[in-house]
Structures are given as C-alpha cells and as structure tokens.
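A.B. asks: only geometry, no sequence info:
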Ligand code: C5P
C-alpha cells in the first residue's frame, strides 16, 4: 500500500493537546512521532490510542543503556504496536545487536533505526567527550556501525542522506528532520532542506513539525506536500 513519507512530531506537553492536533489529520496522510516530552506526560496509553486509530507511530525515545535493558524496552515498544523506533548508535555494537535480535521474532516487527550524532553536538562538544574526529566523521562511523549491526537505517539530515544511501545501500532508511518549506520559517534549525530536495537527496521519510502543526490548515498542508513528494510503496 502506498504510504506517506511524512512523519509529524507530536511535540506537545499533554495528550489533550496532541489529540486535538491528531483529530485534524488522517492516518493516510502522515505518520506520527511521539518523543520524550509527550511520552513522559501521556505514557503508553496515548501511543496505543494512536495505533488503534490506524496511525503508524514512530516512538522517538532514543534508547541508550546496557544491551539487555534496551532489548527489553524495544520489545515493550513493539508490543504497543509502534511502526518505527530508535536507539543511540553510540550505545555500541552489543546494544544495537541486542535490540535488533529482541525485535526479530516479533509478530509485528517495527523498523529499528539509530541516531548517530545529535545535531546539538559540534566538534568542540565532541572533543570534550574525548571524540577528536569531528561530528561528520563520527556520524559516518556510527552509521557504518549501525548498518553492520543490521538495523534498518538512521536519522540524518537531508544533506547526508545521499552519502548514507551510497555507502550502505538504497534499502538503508534515511529519516530526516530539519525540513522547511521554501517560503517557510527556519525556526531553530540550521541545515535545512525543502521536502522535494530531501526526497531527491534520498530521504525515505521526512520529520516535518512546525510547518504542519502550526499551519492554519494542517490537512491542506499535508495534501500539498504529499502530492509534491509522492508516496513510498
Ligand atoms: O520541523 P520541526 O523543526 O518543527 O521538527 C522538530 C522535530 O524534529 C522535533 O520533534 C525534534 O525532536 C526533531 N528533530 C530535530 N532535529 C534533529 C533530530 C530530530 O529537530 N536533529
């Protein structure tokens, strides 16, 4: 079935505010991302309600812990019926492998991707952590490790999607935030791309937040972007 490439982050402090937005969109036109703020406030019950309403849910909790703990957390997320979840690649090979193996036999196996280097960390911040090779090289290293561990892909900026696909294959998913409409507001994002440019660069799924959540008519905005970037089979 053709599916929308758009993932809308529910960056809201409560279930009520999140569900007010969700009532305005349909599961055919976007997936939804639940991150740490909303999950901490509203918990797994909200995730289950979104799944029950037919939405593909990206549970963006960026797990990073010892392998057994992360594996069990991934299994609990899969039991909620989420479509996509993520871990920190810097948790290492054993952690990512344990996560993948925990999901392998699940009847509704979610896609599992990794965060490489947080975009809030620059070369200087990494140096303070004992990482001297710089953010770009380090992100490439962690993407390679993620691919070697058999995960489904990474979160990356649209600017890196092309080189990641070239290095790890077309099937290795690139999920890209930092999307801005040509005429829109950049907000606090720096390395931005339009939806069309991100897909041209190789992005599989686009996390598009404020451009949709703050639009006067989110449904019309989704229709326009879906039409211009096309669906994913
Ligand atoms: O499109 P907008 O900037 O509003 O989207 C913000 C969302 O993208 C947030 O949920 C944030 O967690 C996510 N994100 C990001 N930058 C990253 C990774 C994720 O903005 N590097």
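C.D. replies: In hand now; what should we look at? Keep in mind the model is a prediction, meaning the values are calculated, not measured.

A.B. asks: after the top helix by length along the chain, next one along is what?
C.D. replies: In the chain, with assignment by DSSP state H, the single longest helix is helix 36-52. Per DSSP states H and E, the first helix or strand lying C-terminal to helix 36-52 is strand 57-63.

A.B. asks: so what touches that following strand?
C.D. replies: With contacts defined as CB atoms under 8 Å, 6 or more residues apart in numbering, strand 57-63 is touched by 7, 9, 31-36, 39, 47, 50-51, 70, 73-74, 77, 80-88, 91, 99, 110, 115, 175. Where C-beta positions appear, they are placed from N, C-alpha and C, glycine not excepted.

A.B. asks: what about it, average pLDDT?
C.D. replies: The average pLDDT for strand 57-63 rounds to 98.

A.B. asks: tell me which strands that strand pairs with, and in which orientation.
C.D. replies: Sheet pairing of strand 57-63 (DSSP bridges) gives strand 31-34 (parallel), strand 84-88 (parallel).

A.B. asks: mean neighbour count and distance to the ligand for those - can I get that in TSV?
C.D. replies: Shown next, in TSV, are the strands paired with strand 57-63 (neighbours: other CB atoms under 10 Å; distance: least, CB to the nearest ligand atom, whole Å):
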stretch	mean neighbour count	distance to the ligand
strand 31-34	24	6
strand 84-88	24	10
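
A.B. asks: need those strands in JSON lines (columns: distance to residue 184 and mean pLDDT).
C.D. replies: As requested, those are arranged in JSON lines below (distance: least, CB to CB, whole Å; pLDDT from 0 to 100):
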{"stretch": "strand 31-34", "distance to residue 184": "19", "mean pLDDT": "98"}
{"stretch": "strand 84-88", "distance to residue 184": "25", "mean pLDDT": "98"}
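
A.B. asks: which residues in the chain form helices?
C.D. replies: With DSSP H, the ranges of helices along the chain come out as 15-22, 36-52, 67-79, 93-104, 123-128, 135-148, 158-168, 195-201, 210-213, 218-229.

A.B. asks: for stretch 15-30, the averaged confidence score.
C.D. replies: 98.
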